[in-house]
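please work out how this folds:
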Amino acid sequence: MTIERDPEPIYIERGAGSHVFDVDGRCFLDLNCNFTTLIHGHAFPPVVQVLTDQIHRGSCFANPTKGEIELAELLCGRIPHIDRVRFVNTGTEAVLFAVKAARAFTGRSKIAKIEGAYHGAYDWVEVSQASAPSDWGDPARPKSIRNYQGMPGSVLDEVVVIRFNDVESTRQLLSAHARDLAAIVLDPMPSRGGLIAPKPEFIRAVQETARNNGILVIADEVLNLRQGFQGASARYGLTPDVVTMGKIIGGGLPIGAVGGREDVMKVFDASAGRPLLPQGGTFSANPLSMIAGLASMRHLDHAAFSHLETLGTLVRDGISRLIAKKGVSLCVTGAASLFRIHPTARPPIDYREAYLSQGGAAVMKELTRFFASNGIILPYGAAACLSTPMTRADAELVVDVFAGFLDSDHNKLDFIQAQR
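Here you go, the predicted structure:
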């Protein structure tokens, strides 16, 4: 089970809007939102209403439903470069089937991925997910590192690891392995990799090298679809062949989706017999997830994204001003409704620069604990997020609590004072 447990778990009794309430009666502003899933906050009334209606009609069937078609039409109509969609149960499944689709389409087996990026629990995309200075290797040729004891060595041989924002080595590594590469899996702004913006030249390098060598580009937007009305790829100029989605498209229920070019998505087509890639799942496209996702996405209009963008800018700019005023070696990264604070003087440009030292990790633990003691749930080592029910006052509270952290105990910050 994935839970926040430092210094001890906060057991939640209920949630409402942008807040959660624990079993001890405490109220918290929620900047986790179930790991960025709840873009409309907790117990969003339109979702509650459609789920209440649907549960009386049935929770799941071995047949398609109208909600499945409507959610697919919404995603295909909104997200560029998606001609067809297939629904699964989780973001992990979405990435898993996207990789398999790329292999089936190209006839190749290897993939490339970003060092330090998280793409769920599938062996190949877990490679070098948690590499460290002791084992990550040459900057120009990162090593493929096991994510768990017993991971097959053959998996490591089938994954080319590249550094985020390293233009030259990315071109070289993709070109050198082009004959065997089915796809590159790319989160436009990897959360666990630092929530760092991609350089335009890096996006171009990935795009051009992939196109020139018949390598598919898989955009993993399970988390970052929330960056705008059309998602993160559109925001950063990426033209993917396949897009993986999850989290916000389920309205708070389990979901995942694979979408992409019609010719690539035809690997799933079973109309003429066994498809190139069989895919199914007992709860895939279940009506509860479909209608909850549809209600959530219909309320994510341009006005909602504008509101989130405004709040995100207010938080990031407010934190940055406080850091500059106090002269401490902290910084903030992120975009739209996402932000992440780092114990470094300058914003990192890749996973290696964002990697937490022992001292940096201690500071971030203290920050998370301080926020919790002041009524705010702030994720540790991952993206914090805002939700549509949040107000300007909520955003200002986040900045005020951060100011309180900087004022609370200077001894905790002595070793990261800016050397300017």
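
neighbours of residue 100, how many?
Counted with other CB atoms under 10 Å, the neighbours of residue 100 add up to 20. From N, CA and C alone the C-beta is placed, and that goes for glycine too.

pretty sure it is touching residue 277, no?
Yes: Residue 100 lies in contact with residue 277 (CB atoms under 8 Å); the separation is 5.5 Å.

now do the contacts for the nearest residue to residue 233 once chain neighbours are set aside.
The spatially closest residue to residue 233, leaving aside those adjacent along the chain, is residue 219, at 4.7 Å (CB to CB, 6 or more residues apart in numbering). Counting by CB atoms under 8 Å, 6 or more residues apart in numbering, residue 219 touches 186-188, 231-233, 238, 240, 242-244.

same thing but at 7 Å, please
Residue 219 makes contacts with 186, 188, 233, 238, 240, 243, as judged by CB atoms under 7 Å, 6 or more residues apart in numbering.

tell me which helix or strand it sits in.
strand 216-220 (DSSP states H and E).

quick one: strands adjacent to that strand?
Paired neighbours of strand 216-220 in the sheet (DSSP bridges): strand 181-186 (parallel), strand 242-246 (parallel).

so which of the ones you listed is nearest residue 54?
strand 242-246 (20.2 Å; CB to CB).

let's see the helix or strand harbouring residue 292 as PDB, backbone CA atoms only.
Assigned by DSSP H and E, residue 292 belongs to helix 287-298. Extracted in PDB, the C-alpha atoms of helix 287-298 (Å, rounded to 0.1, in the frame of the first residue of the first chain):
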ATOM      1  CA  PRO A 287     -18.700   1.900 -15.800                       C
ATOM      2  CA  LEU A 288     -17.900   3.400 -12.400                       C
ATOM      3  CA  SER A 289     -14.400   4.600 -13.500                       C
ATOM      4  CA  MET A 290     -15.800   5.700 -16.900                       C
ATOM      5  CA  ILE A 291     -18.600   7.900 -15.600                       C
ATOM      6  CA  ALA A 292     -16.500   9.300 -12.800                       C
ATOM      7  CA  GLY A 293     -13.800  10.200 -15.200                       C
ATOM      8  CA  LEU A 294     -16.300  11.700 -17.700                       C
ATOM      9  CA  ALA A 295     -17.800  13.900 -15.000                       C
ATOM     10  CA  SER A 296     -14.400  15.000 -13.800                       C
ATOM     11  CA  MET A 297     -13.000  15.800 -17.300                       C
ATOM     12  CA  ARG A 298     -16.100  17.600 -18.400                       C
END
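
tell me which strands and helices it is in contact with?
helix 45-55, helix 66-78 (3 or more CB pairs under 7 Å, 6 or more residues apart in numbering; DSSP states H and E).

who's in contact with that helix?
With CB under 7 Å, 6+ apart as the criterion, helix 287-298 contacts 40, 44, 46-47, 50-51, 54, 58-61, 65, 67-68, 70-71, 74, 248-255.

ok, now stretch 100-108?
With CB under 7 Å, 6+ apart, stretch 100-108 has contacts from 109, 180-183, 214, 216, 218, 242, 258, 264, 267, 276-277.

check those and tell me the two furthest apart.
Within the contacts of stretch 100-108 (distances taken as CB to CB), the two that end up farthest apart are 180 and 258, at 22.4 Å.
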